[in-house]
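Student: I'll drop the sequence and a predicted model, then ask my questions.
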Amino acid sequence: MITIKHEGCILCVGCSAVCPVNAIELKGTRMEHYAEKCIDCALCVKACPANVIKMVKKDGV
Ligand code: SF4
Ligand code: SF4
């Protein structure tokens with residue numbers, strides 16, 4: 001799954017635009033990630049200009 005460091009996010013919605021399964025969307029003033037939809041493709045990680053999205057293992061290890 002991915003994590004978003006919201007403090008550094010510039011709300012460009014680039015991650016939302018590239019996500020093939022709509023697992024990220026702008027909700028109010030922050031990007032909301034829906035882990036249950038995410039297919040771990042990492043497209044959002046590559047697309048983020050602020051480099052605030054990281055891929056992490058599901059168990060957190
Ligand atoms: S890793 Fe892929 S499926 Fe998951 S939120 Fe990012 S773009 Fe969407
Ligand atoms: S691509 Fe990065 S900076 Fe842009 S909205 Fe997504 S998390 Fe925020």
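Tutor: Yep, that arrived. Ligands and ions are numbered 1, 2, ... in the order given.
Student: so where is the chain shaky, pLDDT-wise?
Tutor: 58-61 (pLDDT under 70).
Student: and with 90 instead?
Tutor: 57-61 (pLDDT under 90).
Student: Contact residues of it facing ligand 1?
Tutor: Selection of the chain residues close to ligand 1 by Cβ under 6 Å from any ligand atom yields 2, 18-19, 21, 23-24, 33, 38-44. C-beta here means a position set from N, CA and C on the backbone, and glycine is covered the same way.
Student: Sitting in helices, which of the residues you listed do you find?
Tutor: 18, 43-44 (DSSP state H).
Student: Give the buried subset of those residues as a PyMOL selection command.
Tutor: Selecting just the buried residues from these in PyMOL takes one command, with 16 or more other Cβ atoms under 10 Å as the test:
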select buried, resi 43+44
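Student: Out of the ones in helices among the residues of the chain next to ligand 1, which is nearest to residue 6?
Tutor: Comparing these against residue 6 with Cβ to Cβ places residue 44 closest, at 13.9 Å.
Student: Leaving out sequence neighbours, find the closest residue to the closest one.
Tutor: Of all residues not flanking residue 44 in the chain, residue 15 sits nearest, at 3.7 Å (Cβ to Cβ, 6 or more residues apart in numbering).
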